[in-house]
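[1] I need the structure of the sequence given here:
(2 chains)
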Amino acid sequence: MKQIDFENRYRDRWEQLEKWLKVGDGGAEAASLDLPAAYRSLCQQLAVAKERQYTNQLIDRLNRLVMTAHHRVYQQQTLRRNTWLWYLLAGFPRAVRAQIRTVWLATALFLLPALVLGIGSYQNDALIFAVMSPDQVWQFESMYDPGNRVLGRERGSDSDLLMFGFYIKNNIGIAFRTFAGGVLFGLGTIFFLVFNGVYLGAVFGHITRVGFVSTFYPFVIGHGAFELTAIVLAGAAGLRLGQSLVDPGRHRRLVALRLASVEAMRIMYGTFLMLVIAAFLEAFWSSSTEIAIGVKLAVGGLLWLLVIAYFALAGRGVAGPEHEVQRGA
Amino acid sequence: MLDTTCLDTTYSVETPEGIDLRAQAAGPVPRILAYAVDVFYRTLILAALGIALAFADRAGWGIWFLCSFLLEWFYPVYFEVMRGGQTPGKKAFGLMVVNDNLTPISWGASLLRNLLRFADFLPVAYAAGVICMTLGRNFQRLGDLAAGTLVVYHQPEKPHTSLPDVAPLAPPRGLQLQDQQALISLTERHADLSEARQCELANLLEPLTGKRDKEGLHYLRSVGSWLLGGK
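    Residues are numbered from 1 along each chain as shown, chains lettered A, B, ... in the order given. Below is the predicted model:
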């Protein structure tokens, strides 16, 4: 069959499909077209056109049409409301428990340097200056100086908002970078975990040494439950990526990375949420001076218990929803 | 069908229907330019916000930080998922992000490829990303590799061109398939190429057709039109 005859025979159908794809499902014409059937016959026509070596123009046009229809037929709907609810109640802690060894590794990478530097700078006055500049040390000291408290610590709500924005940008950025570094064979993640451990450990040790305990610990305990856990989890997700590249098992590295990234993203969604909670607490709760220290410590301890219990217990013995098999990435 | 040994940016995927979908993978240069456009827009938005929120003092800065965080990490995600794989920069250069099976990009994939953007940025100015792109066949940066995504050229819809107005003429005998295709594509592209260039091409065949310039071109078009099925 000559090309012009071929085109004449099918032109009406192509135009009908083109029109339908433009309008979308909502239009009145929606019912007039059976998309899967139209799509299949279009595929057949493209195959025929290629086999008969019709002109590029026609093949391009059909290819474009097939692609648009293909997008419509294989549309992915990953965002469903009950999926999110299930994720929060069970999916997230389950995803974390599934990677528990990596999580412990990330915890160690974060906690060990923190302990070393914490104890070190508690014992040794000078050690903190190996980690940060005198200016920064002074800044930290003045921030948690109980004497300063009355003067500058109680802020208006506008300052709270300022700090909220700052914590969001800064802290979540750190967690995201910790995760992203994992794709460089895990090296980036290890660096960020150790670096943050060293930094925070030094601050903890030094502030304790100086004796600003009554301001510092009530301040950090509340949001720390979410923030420190979230950084470790982001690190675990990053390490999972790195592990898939270093030890891909029976897969090709690329395939292993894909599979690992699906698991890692399950952790990252929840981590993001935890960091938002942490920033919220840090800006609006931890910084408040009107709340008694005892209350803050109690609530902070409770939050830690809550977070640990959530990851240890939530979602155990619950069957996953049928549509859990989503194409995560 | 594709010869994989040759340098070619064509990316094809076989669908369950047995059809090869084709797309052109976009290389580093247009992507860098598109990124520059996006950076420009983002800076513009942040500057405008900064001026507007300067009046709100400290709370204003809080909101500004929040916005800059959202712009930094989620600006591409929003456009990729909600606007057919095109950030404004990509749109300006006719690019789009798709999953590697050429379906529209999903939320998870878009989030992942943009979270890993930081790794591509290392150590400076997207060095890792560009190196990774140029090493791979489909110009995927690290984030693309992990998320299973691909940046391809968005093929704009071309209006169907009409054939030149000539009376079809039967071709000489023994015309090979390749020759037929060459004539057909000359006929089809009559509106894209300049008249002078087409005459020049027609003159290459003067030893065979015995006709020059307009006359030769007219003859070739007639044959092309016949081959396409004109009557």
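
[2] tell me the phi and psi of residue A:287?
    Here the main-chain torsion angles of residue A:287 (degrees, to the nearest 10) amount to phi -80, psi -10.

[3] hmm, it is touching residue A:161, no?
    No - the pair residue A:287 and residue A:161 fails to qualify as a contact (CB atoms under 8 Å) at a distance of 11.6 Å. Placement of C-beta: from N, CA and C, glycine included.

[4] the two - which one has more neighbours?
    A direct count of neighbours by other CB atoms under 10 Å in any protein chain shown for residue A:287 and residue A:161 places residue A:161 higher, at 22 against 19.

[5] as a whole number, average confidence for stretch A:189-200?
    For stretch A:189-200, the mean per-residue pLDDT is 92.

[6] do it and chain B meet?
    No - legend: contact between stretch A:189-200 and chain B by CB under 8 Å from any CB of the partner chain is lacking; minimum distance shown is 9.7 Å.

[7] can you check stretch A:227-237 too?
    No - no part of stretch A:227-237 sits near chain B under the criterion CB under 8 Å from any CB; the closest distance found is 9.5 Å.

[8] how far does that stretch sit from the chain's center?
    In terms of CA atoms, centre = their mean, to the nearest Å, the centre of stretch A:227-237 is found 10 Å from the chain centre.

[9] what's in contact with that stretch?
    Under the criterion CB atoms under 8 Å, 6 or more residues apart in numbering or on different chains, residues A:96, A:99, A:102-103, A:105-107, A:109-110, A:171, A:174-176, A:178-179, A:182, A:189, A:192-193, A:196, A:200, A:264-265, A:267-268, A:270-271, A:274-275, A:278-279, A:282, A:307, A:311 lie in contact with stretch A:227-237.

[10] drop anything exposed from those residues.
    When neighbours are counted using 16 or more other CB atoms under 10 Å in any protein chain shown, the contacts of stretch A:227-237 contain these buried positions: A:96, A:99, A:102-103, A:105-107, A:109-110, A:171, A:174-176, A:178-179, A:182, A:189, A:192-193, A:196, A:200, A:264-265, A:267-268, A:270-271, A:274-275, A:278-279, A:282, A:307, A:311.

[11] okay, now the domains of the chain?
    Went with chain A since none was named. Taking automatic domain parsing as the reference, chain A has its domains at A:3-73, A:81-324.

[12] not what I meant, chain B
    With automatic domain parsing as the reference, chain B has domains B:10-153, B:177-227.

[13] reformat those domains as TSV; add distance to chain A, mean neighbour count and mean pLDDT.
    As requested, those are arranged in TSV below (distance: least, CB to the nearest CB, whole Å; neighbours: other CB atoms under 10 Å in any protein chain shown; pLDDT from 0 to 100):
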stretch	distance to chain A	mean neighbour count	mean pLDDT
domain B:10-153	3	19	86
domain B:177-227	5	16	82
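
[14] so where's the stretch 1-150 of chain A uncertain?
    Regions of the stretch 1-150 of chain A meeting the criterion pLDDT under 70 cover residues A:24-32, A:75-81, A:147-150.

[15] now do the same contact list for whichever residue of it sits closest to chain B.
    Closest residue of the stretch 1-150 of chain A to chain B, CB to the nearest CB: residue A:2 (2.5 Å). Listed by CB under 8 Å, 6+ apart, the contact partners of residue A:2 are B:227-229.

[16] show me the beta-bridge partners of the residue sitting nearest the centre point of chain B.
    With the centre of chain B defined as its mean C-alpha position, the nearest residue by CA atoms, centre = their mean is residue B:153, 1.6 Å away. Under the criterion DSSP bridges, residue B:153 forms beta bridges with residue B:95.

[17] how about the residue of chain B found nearest chain A, secondary structure?
    Among the residues of chain B, residue B:229 lies closest to chain A, at 2.5 Å counting by CB to the nearest CB. Local secondary structure at residue B:229 is given as coil here, using DSSP: H, G, I helix; E, B strand; the rest coil.

[18] and it, what does it touch?
    So residue B:229 contacts A:1-6 (CB under 8 Å, 6+ apart).

[19] check residue B:129 too.
    By CB under 8 Å, 6+ apart, the neighbours of residue B:129 are B:117, B:120-121, B:141-143.

[20] now with 7 Å?
    For residue B:129, the contacting residues are B:120-121, B:141-142, by CB atoms under 7 Å, 6 or more residues apart in numbering or on different chains.

[21] next: residue B:189.
    Under the criterion of CB under 7 Å, 6+ apart, residue B:189 has no neighbours.

[22] ok, now how distant is it from residue B:224?
    10 Å (CB to CB, to the nearest Å).

[23] what about the residue nearest the centre of chain A, which SS state?
    Closest residue to the average C-alpha location of chain A: residue A:268 at 2.8 Å, with CA atoms, centre = their mean. The three-state assignment at residue A:268 reads helix, by three-state DSSP.

[24] find the nearest non-adjacent residue to it, please.
    residue A:237 (5.2 Å; CB to CB, 6 or more residues apart in numbering or on different chains).

[25] give me the neighbour count for the one you found.
    Taking other CB under 10 Å as the neighbour definition, residue A:237 ends up with a count of 33.

[26] phi and psi next, for it.
    Dihedral pair for residue A:237: phi -60, psi -40, per degrees, to the nearest 10.

[27] go on, residue B:151?
    Torsion angles, degrees, to the nearest 10, at residue B:151: phi -100, psi 120.

[28] pretty sure it is touching residue B:31, no?
    Yes - Residue B:151 is within contact range of residue B:31, at 5.9 Å (criterion: CB atoms under 7 Å).

[29] between those two, what contacts are shared?
    residue B:95.

[30] mind listing the helices for the chain?
    You didn't pick a chain, so chain A it is. Along chain A, counting by DSSP state H, helices occupy A:3-23, A:35-51, A:56-73, A:81-86, A:92-98, A:100-123, A:128-131, A:134-144, A:157-167, A:173-180, A:187-210, A:213-246, A:253-281, A:293-313.

[31] hmm, no, I was thinking of chain B.
    B:28-53, B:57-82, B:88-92, B:107-115, B:117-121, B:127-135, B:142-147, B:177-188, B:195-204, B:206-209, B:213-227.
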